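Participant: The sequence and its predicted three-dimensional model are supplied below.
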Protein chains: 2
Amino acid sequence: MSKNVTIIGGGVIGLAWTRKFLEKGWNVHLNDSQDISAFIEKEFNGKVKFFHDLAESVKDADYVQECGPERLPIKQDIFKILAQHAPTHAIFASSSSSIVSSEIAENNPAADRILIGHPFNPANIMPLVEVVPNPKTSKDTVNTAMQIYSELGYEPALIQKEIAGFVANRLQIAFLNECYYLVEQGIIDAADLDKLVLNSLGLRWSTVGPFEGEHLGGGAQGISHLLSGVGSNMNFQLGTPDPTKAHILIEQTEKAYGVGEENWKKRSEKRDQLTEEILKLRKQTK
Amino acid sequence: MSKNVTIIGGGVIGLAWTRKFLEKGWNVHLNDSQDISAFIEKEFNGKVKFFHDLAESVKDADYVQECGPERLPIKQDIFKILAQHAPTHAIFASSSSSIVSSEIAENNPAADRILIGHPFNPANIMPLVEVVPNPKTSKDTVNTAMQIYSELGYEPALIQKEIAGFVANRLQIAFLNECYYLVEQGIIDAADLDKLVLNSLGLRWSTVGPFEGEHLGGGAQGISHLLSGVGSNMNFQLGTPDPTKAHILIEQTEKAYGVGEENWKKRSEKRDQLTEEILKLRKQTK
């Protein structure tokens, strides 16, 4: 018998989840406090049940994937309703990118069934889901969530302890901060920096992760060689971007890549197509 | 008439340059203070002229690519000999990853013809060369170096001002620092972090650079939307890795990927093959 998932929130992320669960044969209930646009209703007509009432939408749920607004009180209220109205075996995952689930689960009797399942933009094709339990989350909850995301075709990554920004966004911010600093300081143009990354680090980290990259970069001795000495030439202070100089980043980026809806669609499609082709390639060479 | 390049240093980087210049029909002089191994002599026999004497090796050079030890006094001595013995039109590039060319060119009468041309590991297939002039480097020198690297099939990136670590290594270190911190703190395992990056940021930055990535991530409004507010949930302190905990990184990496020469060769080849296939793919979708 196929299982029931309730998706809360009919935005970009909620719809990406909806499509994935549908593909794998789940019964999908889509809850949104507002009416879903005619366009979306048409795509999912007959395949998805639409709800305005949250309690009603989760009463048969095996899994709930919340994609509501990124505000703690709203999420706390939502998850209390889930605890009251969903079956006692149901698991409640938040797609939040920035709120930890120990806060969402505060004073919630179902805290052991609550965790974060954070997808990575663009959620329709990126394989990553960050699975972040809170100290009260049960092992069963974690294992089931990991398994469900795997079955959906994602590559879930287990974050073992809660931390602000989780892992992917922390790494992204560490990298972007230095990008912003270097462009603000006139060391390199935004478009040249993009090309530089495409032709070096991006290419490396789409074939091997940072640890394997260092391990191979160290030669036959591996990462221990790098961590023990060669890096000694690399002792310098990284930069801090200046918020008052953000206009420089915006001007150079808009100049390089244009602006507007149509331009955005065209470029996003090109990115997505190439992403999918690289994913295919990686599967072949596995 | 084909042009003359002198490569100084027969290590991994020097040999990668040697092959690239040979492929494009340059006459290559390879200088190394030590005897080149029989293996290398066999590969290049009849195609490359080998030298022990630096002055002798550059007397007809149009371009010199230095790949000597990463020590300033050694490089200063080498570049003084270049200034004395190479033709007055010759350009002198250092492959240095960490020494700026204003230091290398100190008290050197040919300072206007000296710059950095820093390749990215693995240099035989990575497209990036960072071209970093010093304040005395002439525009002609920069333009010629950029053109030569392009003709060799590289994608040179112009770094407009000298800065410690240049750009690629600064970005890499910003990223790796946070990777090291997160693994040391037990937030995530090294192998899981690798998978996470492969399935998110690596994939993104092999299809679009960080600025275009942010520009598309901001939707039709682009990067200005992201820089103006959404990031406000993302205010947190990044970590600092602890050198006394490096053993954790080494243990987890070696456990995940093994150690030893044979293992290294096999994994490096797999990485290189995938890298070349992604590069082909990108050319097709350009």
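Facilitator: That came through fine.
Participant: At which residues are the helices of chain A located?
Facilitator: A:12-23, A:38-44, A:54-57, A:72-85, A:101-104, A:139-151, A:168-184, A:190-198, A:201-205, A:210-217, A:223-227, A:246-257, A:261-284 (DSSP state H).
Participant: Please tabulate those helices in JSON lines, including the columns mean neighbour count, distance to chain B and mean pLDDT.
Facilitator: In short, each C-beta sits where N, CA and C put it, glycine included. Putting the helices of chain A into JSON lines (neighbours: other Cβ atoms under 10 Å in any protein chain shown; distance: least, Cβ to the nearest Cβ, whole Å; pLDDT from 0 to 100) gives the following:
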{"stretch": "helix A:12-23", "mean neighbour count": "20", "distance to chain B": "9", "mean pLDDT": "95"}
{"stretch": "helix A:38-44", "mean neighbour count": "13", "distance to chain B": "16", "mean pLDDT": "85"}
{"stretch": "helix A:54-57", "mean neighbour count": "18", "distance to chain B": "23", "mean pLDDT": "97"}
{"stretch": "helix A:72-85", "mean neighbour count": "17", "distance to chain B": "10", "mean pLDDT": "98"}
{"stretch": "helix A:101-104", "mean neighbour count": "20", "distance to chain B": "12", "mean pLDDT": "98"}
{"stretch": "helix A:139-151", "mean neighbour count": "17", "distance to chain B": "11", "mean pLDDT": "98"}
{"stretch": "helix A:168-184", "mean neighbour count": "23", "distance to chain B": "4", "mean pLDDT": "96"}
{"stretch": "helix A:190-198", "mean neighbour count": "24", "distance to chain B": "2", "mean pLDDT": "98"}
{"stretch": "helix A:201-205", "mean neighbour count": "26", "distance to chain B": "3", "mean pLDDT": "97"}
{"stretch": "helix A:210-217", "mean neighbour count": "25", "distance to chain B": "4", "mean pLDDT": "95"}
{"stretch": "helix A:223-227", "mean neighbour count": "20", "distance to chain B": "5", "mean pLDDT": "88"}
{"stretch": "helix A:246-257", "mean neighbour count": "18", "distance to chain B": "5", "mean pLDDT": "95"}
{"stretch": "helix A:261-284", "mean neighbour count": "15", "distance to chain B": "4", "mean pLDDT": "94"}
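Participant: With respect to A:Arg113, which of the ones you listed lies nearest?
Facilitator: Evaluated over these, closeness to A:Arg113 peaks at helix A:139-151, with 5.2 Å, by Cβ to Cβ.
Participant: and for the closest one, what are the contacting residues?
Facilitator: Here helix A:139-151 makes contact (Cβ atoms under 8 Å, 6 or more residues apart in numbering or on different chains) with A:24, A:63, A:91, A:93, A:112-115, A:117, A:129, A:131, A:133, A:156, A:158.
Participant: which pair in these spans the largest distance?
Facilitator: Pairwise over these, using Cβ to Cβ, the maximum falls at A:Lys24 and A:Asp112, 25.5 Å.
Participant: Between these two, which has more neighbouring residues?
Facilitator: The residue with more neighbours, out of A:Lys24 and A:Asp112, is A:Asp112; 17 against 13, by other Cβ atoms under 10 Å in any protein chain shown.
Participant: Please look at the more buried one and A:Asn134 and confirm they touch.
Facilitator: No: the criterion here is Cβ atoms under 8 Å, and A:Asp112 misses it with A:Asn134 at 9.2 Å.
Participant: Quick check on the closest residue to A:Arg19 other than its chain neighbours: phi, psi?
Facilitator: Leaving aside its sequence neighbours, A:Arg19 sits nearest to A:Asn124 (Cβ to Cβ, 6 or more residues apart in numbering or on different chains; 6.7 Å). With angles defined as degrees, to the nearest 10, A:Asn124 sits at phi -80, psi -20.
Participant: Same check on A:Pro135?
Facilitator: phi -60, psi -20.
Participant: Show the pLDDT at it.
Facilitator: A:Pro135 is assigned a predicted lDDT (pLDDT) of 97.
Participant: Just confirm it contacts A:Ser102, I think it does.
Facilitator: Yes: counting by Cβ under 8 Å, A:Pro135 touches A:Ser102, with 6.3 Å between them.
Participant: Overlap in contacts, the two.
Facilitator: A:Glu162.
Participant: May I have the residues that are in contact with the closest residue to A:Val100 other than its chain neighbours?
Facilitator: Excluding the flanking residues, the one nearest A:Val100 by Cβ to Cβ, 6+ apart is A:Glu162, at 4.4 Å. Residues near A:Glu162 by Cβ under 8 Å, 6+ apart: A:Val100, A:Ser101, A:Ser102, A:Val132, A:Pro133, A:Asn134, A:Pro135.
Participant: filter those residues to the buried ones?
Facilitator: A:Val100, A:Ser101, A:Ser102, A:Val132, A:Pro133, A:Asn134 (16 or more other Cβ atoms under 10 Å in any protein chain shown).
Participant: Kindly reformat those as JSON lines containing distance to B:Thr253.
Facilitator: Converted to JSON lines, the buried ones among the contacts of A:Glu162 look like this (distance: Cβ to Cβ, whole Å):
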{"residue": "A:Val100", "distance to B:Thr253": "28"}
{"residue": "A:Ser101", "distance to B:Thr253": "29"}
{"residue": "A:Ser102", "distance to B:Thr253": "30"}
{"residue": "A:Val132", "distance to B:Thr253": "23"}
{"residue": "A:Pro133", "distance to B:Thr253": "25"}
{"residue": "A:Asn134", "distance to B:Thr253": "28"}
